[in-house]
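In: 3D, please:
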Amino acid sequence: MYKINQLKKVIQIPGAPAPIGPYSQAVLKNDTLYVSGQIPIDPKSGQLIDDTIQESTHQVMKNILALVTEAGMTVDNIVKCSIFLKDLRDFEEVNEIYASYFRSLPPARETVQVVKLPKDVGIEISCIAVK
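Out: Below is the predicted model of the structure:
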């Protein structure tokens with residue numbers, strides 16, 4: 001679903017978790033999509049998927065791809081990702097899962113350790129995609 005004004009299109013879909021604050025799931029401005037940080041919430045059940053960092057990473061990527069797809073793009077349109085980890089010791093496992101989504105020409109990115117994330121999850125990823 002799009003909410004449109006003259007400046008931007010706001011994307012809100014049931015295929016990604018509902019915002020837990022005053023922000024949009026994603027915003028499309030011209031040909032650039034800004035996807036808010038996604039955490040490992042299953043949008044169907046509303047439950048956290050946080051038994052392992054691998055499961056969490058897959059869920060976050062599914063949430064991102066649902067929003068990118070809604071905007072008429074694919075994973076290949078993603079040009080930048082920001083990964084926030086509660087524990088950088090998870091980097092290797094996260095990197096392996098992340099790489100499986102970007103098989104060729106991966107986007108620019110940074111990965112940083114943070115003290116705390118929403119709902120005390122272990123990972124959050126945001127991205128920018130361009131048509």
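In: out of everything not next to it in sequence, what's closest to Val112?
Out: Phe84 (6.0 Å; C-beta to C-beta, 6 or more residues apart in numbering). The way it works is simple: take the backbone N, C-alpha and C, and place the C-beta from them, glycine included.
In: That neighbour touches Val114, doesn't it?
Out: Yes. In this structure Phe84 lies within contact range of Val114 using C-beta atoms under 8 Å: 4.9 Å.
In: Show me which of these two is the more surrounded one.
Out: In terms of neighbours (other C-beta atoms under 10 Å), Phe84 is the more surrounded of Phe84 and Val114; the figures are 20 against 12.
In: Show me what that one bridges to in the sheet.
Out: Beta-bridge partners of Phe84, counted by DSSP bridges, are Val112, Glu124.
In: who touches it in this structure?
Out: By C-beta atoms under 8 Å, 6 or more residues apart in numbering, the residues touching Phe84 are 37, 111-114, 117, 123-125.
In: The same query, at a cut-off of 7 Å, please.
Out: Phe84 sits next to 37, 112, 114, 117, 123-124 when contact means C-beta atoms under 7 Å, 6 or more residues apart in numbering.
In: Which of the residues you listed has the largest number of neighbours?
Out: Counting neighbours by other C-beta under 10 Å, the top entry in those is Ile123, with 27 neighbours.
In: How about it: what's its closest non-neighbour residue?
Out: Computed as C-beta to C-beta, 6+ apart, the closest residue to Ile123 that is not its neighbour in sequence is Ser56, at 5.1 Å.
In: For the protein, which segments are assigned as helices?
Out: Secondary structure of the chain, counting by DSSP state H: helices at 53-70, 91-101.
In: For Lys131, which of these is the nearest?
Out: When the helices of the chain are compared by C-beta to C-beta, helix 53-70 sits nearest Lys131, at 10.6 Å.
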